[in-house]
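In: Structure of the sequence below:
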Amino acid sequence: DGSMALGSKGELFGRLEFLRYQTAITPTPASQLGLGHSSFGGTWRFLIRKQGSLALTGKAALPTAFGLYQNAFPIGLDIGLSAMGSPRKGVSFHAQVGVITSAALTRGDPMPQIGAVVTAGLALQPRPSFALVADLHGNFGYRGPVDVFAGAVALRFSDRKRFGFEVGATLPILGIERSIMRL
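Out: Sure, this is the predicted structure:
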């Protein structure tokens, strides 16, 4: 993962899995080792105030995990509106609403999908190099009425110059995607 600031209003970001290993444990087992998924996107803050800002954000997912797919290559596009604010020192909030889409590049049915995503959270930052973050996250309408509603917590650390690190966990609460627990 990486990102680059474009002045004080914008950011470009990208992600590439240089190496991905995936296995399916089925009666006919299969595995793949190779290049993984990639995405790129950007954010542009269009409303900036002393205690907060609004931004447009977008991300495109590219079909670079060639070995995982045959005859259909998934692509995606996400767009959204993000808000962040800091009503007092050491306390900030963040929220995002957006649309998530995907389809397959194929000679057959491209299987287009569309859904909505909502995230809202709070960050407590007692020191400039440390924060505790709590989020509620929901995906709706992509695979079912409620794809997932989850809670997340994270500890964030920074060298206050260039690098940031996060240790977090996401726990699904409701929805058809109950197995998306992440650590």
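In: The residue of the chain most remote from its centre: what's it in contact with?
Out: Within the chain, residue 27 marks the point farthest from the mean C-alpha position, 32.6 Å out by CA atoms, centre = their mean. Contact analysis of residue 27 by CB atoms under 8 Å, 6 or more residues apart in numbering lists nothing. C-beta coordinates here come from the backbone N, C-alpha and C atoms, glycine included.
In: tell me which element it falls in.
Out: Secondary structure assignment for residue 27, by DSSP states H and E: no helix or strand.
In: Use 56 as the first number for this chain going forward.
Out: Fine by me, first position is 56 from now on; the one you just mentioned is residue 82.
In: For it, give me the pLDDT.
Out: You'll see residue 82 listed with a pLDDT of 81.
In: How about residue 156?
Out: The model reports residue 156 with a pLDDT of 97.
In: ok now whichever strand or helix holds it, how far from the chain's centre?
Out: Here residue 156 sits within strand 146-161, counting by DSSP H and E. Here strand 146-161 is found 7 Å from its chain centre; the criterion is CA atoms, centre = their mean, to the nearest Å.
In: What pairs with it, parallel or antiparallel?
Out: In the sheet, strand 146-161 lines up against strand 127-143 (antiparallel), strand 168-182 (antiparallel) (DSSP bridges).
In: Is it possible to get JSON lines of those that adds mean pLDDT?
Out: Output for the strands paired with strand 146-161, formatted as JSON lines (pLDDT from 0 to 100):
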{"stretch": "strand 127-143", "mean pLDDT": "94"}
{"stretch": "strand 168-182", "mean pLDDT": "95"}
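In: Compare those strands and give me the one nearest residue 86.
Out: Closest of the strands paired with strand 146-161 to residue 86 is strand 127-143, at 19.1 Å (criterion: CB to CB).
In: Flag every buried residue along the closest one.
Out: In terms of neighbour count (16 or more other CB atoms under 10 Å), strand 127-143 has its buried residues at 128-129, 131-133, 135, 137, 139, 141.
In: Check stretch 147-158 too.
Out: Buried, per 16+ other CB under 10 Å, within stretch 147-158: 147, 149-151, 153-155, 157-158.
In: From the residues you listed, pick the one nearest residue 111.
Out: Closest approach between the buried residues of stretch 147-158 and residue 111, by CB to CB: residue 153, at 9.8 Å.
In: Look up how far residue 149 lies from the nearest residue to the closest one once chain neighbours are set aside.
Out: In space, residue 153 comes closest to residue 135 once its chain neighbours are excluded; the distance is 2.5 Å by CB to CB, 6 or more residues apart in numbering. Separation of residue 135 from residue 149 (CB to CB, to the nearest Å): 12 Å.
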